[in-house]
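[1] got a structure for you, letters missing:
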């Protein structure tokens, strides 16, 4: 009986394919929105997770700005003057017992980078050698910033491959940041486009001591330390926090493990996922009303057929099942079309943007379930109406 009902439903949908397609447009749009936005959120989540894993389990980061009450970093504080200074680095190096030495840090500077008359904007950063890991950089040509460069305040610069192509620069060229000239000694690629500190493709690294001289300040924007013992990362983090709080007189900074930031990101993406499903449900509601309406029309058009089927022994359950399957089939077909469109969009996004959307089995399950449930909910009333038709009156219907 189920196979016969399915075959009858497919035949009815195909016989009115244009009407059926227009009916399920709302479902298609709703499922497309759900899958596309969920895939984008999960793609971002995966990339950030990968970046966090690159830091290693013993990493501890110190950022400017007091953390929020819920323990998450204060993102807006990163745009204000830093509360961290070089003497904080020295203080940690001398007093922290649970972290490895040296303490690495980075300082942001302003200004365009130029070669001759060609100028580009980006992110010039002064770093210590170990701080390069903060930006997920991998040296492809030449050398990175060394400790000797930092100690001797050598004016050398390492730039991203993207920036090198824009400038037409090669190893040994002279580049400028404002009135300061640098020798290009290395070219790198950003391993993770979405990392914990910057997603800029145009990045320039110089010795941190030179950056402090350019800024005429010893402010520090990023600090990274590593716990000596993987089993005492939380203790090391508390030690760092307590030492700096005692020195500053207040906790005007944030000390976190990359996994803490990951938890925050996961919370945000989860909230976005719920919002996406909620917003897309409106499209499914509109699509469902359309399906309910068209199924009522279908029941009216096939009243005589219903009467004949009842006359030859079809039960109310069989009639109800036939029309309910037809409604569910419409929404499932719409869901599949929406899924395919979302998959195509995801492929294009992965090819032409830094984002790599991720369509998981869970997302597919959510999409198909939403479509199926919409079919049942909005197809049930027309199906019940068809099942309850009086066979005598149905046979008289013209």
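    That came in fine, so what should we check first? These numbers come from a predicted model, not from an experiment.

[2] make it CA atoms for all contacts and neighbour counts henceforth
    Will do.

[3] Can you tell me, leaving aside adjacent residues, what's nearest to residue 339?
    Distances taken as CA to CA, 6 or more residues apart in numbering put residue 32 closest to residue 339, at 6.0 Å, once the chain neighbours are dropped.

[4] burial count for residue 33?
    By the criterion of other CA atoms under 10 Å, residue 33 has 23 neighbours.

[5] cool, residue 154 as well?
    Neighbour tally, residue 154, other CA under 10 Å: 17.

[6] What strand or helix carries it?
    Residue 154 is part of no helix or strand, with elements assigned from DSSP states H and E.

[7] what about it, distance to residue 137?
    Residue 154 sits 20 Å away from residue 137, going by CA to CA, to the nearest Å.

[8] The top strand by length along the chain: how far from the chain's middle?
    If you go by DSSP state E, the chain has its longest strand at strand 180-190. In terms of CA atoms, centre = their mean, to the nearest Å, the centre of strand 180-190 is set 30 Å apart from its chain centre.

[9] For it, list every residue counted as buried.
    The neighbour-count check on strand 180-190 (16 or more other CA atoms under 10 Å) flags 181-190 as buried.

[10] can you give me the strands for the stretch 51-200 of the chain?
    Applying DSSP state E, counting those that start in this stretch to the stretch 51-200 of the chain gives strands spanning 59-64, 84-85, 104-108, 113-115, 118-120, 123-127, 137-142, 156-160, 174-177, 180-190.

[11] Tell me which of the ones you listed lies nearest to residue 274.
    Between residue 274 and the strands of the stretch 51-200 of the chain, the tightest spacing by CA to CA is seen for strand 59-64, at 30.0 Å.

[12] Just list what the closest one packs against, helices and strands only.
    strand 222-226, helix 233-248, strand 253-256, helix 258-301 (3 or more CA pairs under 8 Å, 6 or more residues apart in numbering; DSSP states H and E).

[13] Please identify the most buried of the ones you listed.
    Highest mean neighbour count among those (mean count of other CA atoms under 10 Å): strand 222-226, with a mean of 24.

[14] Show me what the helix or strand harbouring residue 341 is packed up against.
    Per DSSP H and E, residue 341 falls inside helix 316-352. Here helix 316-352 touches helix 2-15, helix 25-55, helix 258-301, helix 361-387, going by 3+ CA pairs under 8 Å, 6+ apart.

[15] Which of these sits closest to residue 310?
    With CA to CA, the closest approach to residue 310 among these belongs to helix 361-387: 9.1 Å.

[16] which residues touch the helix or strand containing residue 209?
    Residue 209 is part of helix 208-215 when elements are defined by DSSP H and E. Here helix 208-215 makes contact (CA atoms under 8 Å, 6 or more residues apart in numbering) with 105-109, 125-128, 150-151, 153-155, 218-219.

[17] what's the average pLDDT for that helix?
    Summarised as a single mean, pLDDT over helix 208-215 is 92.

[18] tell me the contacts of residue 357?
    Residues in contact with residue 357 (CA under 8 Å, 6+ apart) are 36, 39-44, 346-347, 349-350.

[19] same check, this time on residue 160
    With CA under 8 Å, 6+ apart, residue 160 has these contacts: 187-190, 201-204.

[20] cool, and residue 109?
    By CA under 8 Å, 6+ apart, residue 109 lies in contact with 123-126, 211, 214-215.

[21] ok, back up a step: which of the contacts of helix 208-215 are buried? Put it as a ChimeraX command.
    A single ChimeraX command selects the buried members of the contacts of helix 208-215 (16+ other CA under 10 Å):
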select :105,106,107,108,109,125,126,127,128,150,153,154,155,218,219
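
[22] quick one, phi/psi of residue 172?
    Phi and psi for residue 172, reported as degrees, to the nearest 10, are phi 100, psi -10.

[23] That one: neighbour count?
    So residue 172, with other CA under 10 Å, has 14 neighbours.

[24] So in terms of bridging, what pairs with the spatially closest residue to it that is not a sequence neighbour?
    Leaving aside its sequence neighbours, residue 172 sits nearest to residue 184 (CA to CA, 6+ apart; 5.1 Å). Beta-bridge partners recorded for residue 184 (DSSP bridges): residue 157.

[25] In the chain, where is pLDDT below threshold?
    Within the chain, the stretches with pLDDT under 70 are 1-17, 50-56, 68-80, 191-201, 261, 264, 280, 390-398.

[26] how much space between the residue nearest the centre of it and residue 389?
    Per CA atoms, centre = their mean, the C-alpha nearest to the average position across the chain is that of residue 44, at 2.2 Å. Distance of residue 44 to residue 389, given as CA to CA: 53 Å.

[27] who's residue 222 bridged to?
    Beta-bridge partners for residue 222, by DSSP bridges, are residue 106.

[28] what residues are up against it?
    Taking CA under 8 Å, 6+ apart, we find residue 222 in contact with 61-64, 105-107.
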